[in-house]
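In: quick one: sequence and predicted model below, then my questions.
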Amino acid sequence: MLALLAMLSWATLPVALTLALAYVDPWTLTWFRFLVAALSIGIWHWSRRTLTWPGRGGSSGRRLLTVAAVGLTANYMLYILGLDLTTPAVTQVLTQTAPVLLGLGGIWFFGERYSQSQWAGFVVLIAGLILFFRDQLGAFTEDATQLWQGSLLILLAAVAWAAYALAQKQMLNHYSSTSIMWFIYVFAAIVLLPAITTDQLWALSPVSWAIVCYCALNTLVAYGAFAESLNHWEVSRVSAVIALTPLGTVAFVLLVDKFYPGVLPAERLNWVTVAAAALVVTGSVVTSLTGQGTVKVQG
């Protein structure tokens with residue numbers, strides 16, 4: 001359920017960010033998201049007197065914490081800068097390289113194993129993703145320079161995210177998931193502070209504020225749920241659930257287009273993409289729920 005909550009939060013994020021970028025620049029928007037998350041978790045920990053500053057894990061734990069903080073900060077900025085140059089659909093295509101890298105990283109670094117059925121599900125999932133976005137990939141020819149620049153940023157964001165997630169998994173041996181996320185949010189808010197323009201925030205209308213605040217709360221809910229899911233489930237299985245994100249995004253785009261036509265471009269759906277969606281769901285379920293040979297590394 002935690003992994004599913006993270007997936008649904010991320011599924012709605014590209015659309016919300018696209019709307020928010022009409023009012024706030026990428027740097028200020030990202031800083032505000034980190035700030036809200038840092039304050040929320042900080043207050044929660046302070047009220048419970050459970051806040052733990054890094055140190056208990058020794059030099060190894062601090063190195064991992066630094067990798068995770070830099071990785072997630074880079075992921076956020078690269079992602080939103082890439083989204084600003086592309087579209088939510090193209091962004092979600094390329095973002096799916098992140099859970100693939102995470103799943104393979106779990107096998108490589110943590111000794112997790114896929115059974116034959118899980119590998120079969122993994123292949124089906126990848127094939128479904130490729131087929132599902134076949135028509136969307138044609139968008140690369142419309143504005144080649146801008147789209148390729150944005151696509152490169154999204155790919156780099158996926159690499160940064162995988163590095164963060166792998167470090168996050170290992171750090172659970174030293175720190176609680178909420179303490180890790182609090183430190184990362186504080187780190188990112190401080191690092192991005194010199195690049196922000198707060199005047200844009202003061203000029204927002206109530207509707208604009210609602211969109212921006214949703215983006216900020218999305219940060220808190222999605223990564224909080226994701227971090228805690230890693231504390232209860234194997235990396236490979238969490239990554240399979242996260243792979244469902246593009247389906248959620250397309251569903252949300254269609255829902256918005258139904259009630260608010262013209263606000264967002266409608267996705268092109270036909271029998272091929274519907275069949276591909278079924279392959280993605282089938283592959284994810286098979287990869288997540290079959291095979292008992294995975295190894296969970298947790299203190």
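Out: Thanks, I have it. Numbers count the residues shown, from 1 in each chain.

In: isn't residue 241 up against residue 2?
Out: No. Here residue 241 does not reach residue 2: they are 9.2 Å apart, not a contact under CB atoms under 8 Å. The C-beta positions use only the backbone N, C-alpha and C, and glycine is treated the same way.

In: these two - which one has more neighbours?
Out: residue 241 (24 against 19; other CB atoms under 10 Å).

In: so the more buried one, which of the three states?
Out: The three-state assignment at residue 241 reads helix, by DSSP: H, G, I helix; E, B strand; the rest coil.

In: and it, how far from residue 233?
Out: Taking CB to CB, to the nearest Å as the measure, residue 241 falls 9 Å from residue 233.

In: so what sits against both of those two?
Out: residue 3 (CB atoms under 8 Å, 6 or more residues apart in numbering).

In: residue 226 is in contact with residue 2, correct?
Out: Yes. With contacts counted by CB under 8 Å, residue 2 reaches residue 226, the gap being 7.4 Å.

In: name the residue most distant from the centre of the protein?
Out: Of all residues in the chain, residue 49 has its C-alpha farthest from the mean position, at 29.1 Å, by CA atoms, centre = their mean.

In: give me the distance between that residue and residue 72.
Out: 26 Å.

In: what do you get for residue 146?
Out: 26 Å.

In: compare the two (neighbour count), which wins?
Out: Between residue 146 and residue 72, residue 72 has the larger neighbour count (other CB under 10 Å), namely 25 against 12.

In: pull the contacting residues for the more buried one.
Out: For residue 72, the contacting residues are 160, 161, 164, 184, 188, 223, by CB under 8 Å, 6+ apart.

In: show me which of those residues is closest to residue 282.
Out: residue 161 (24.8 Å; CB to CB).

In: ok, that closest one - contacts?
Out: 71, 72, 75, 98, 101, 102.

In: show the pLDDT at it.
Out: Reading off the confidence values, residue 161 has pLDDT 89.

In: cool, the one 4 residues further on as well?
Out: As predicted, residue 165 sits at a pLDDT of 85.

In: let's verify it: helix, strand, or coil?
Out: helix.

In: now the closest residue to it other than its chain neighbours: which helix or strand?
Out: Distance criterion CB to CB, 6 or more residues apart in numbering; nearest residue to residue 165, sequence neighbours excluded, is residue 102 at 5.0 Å. Under DSSP states H and E, the secondary-structure element containing residue 102 is helix 97-110.
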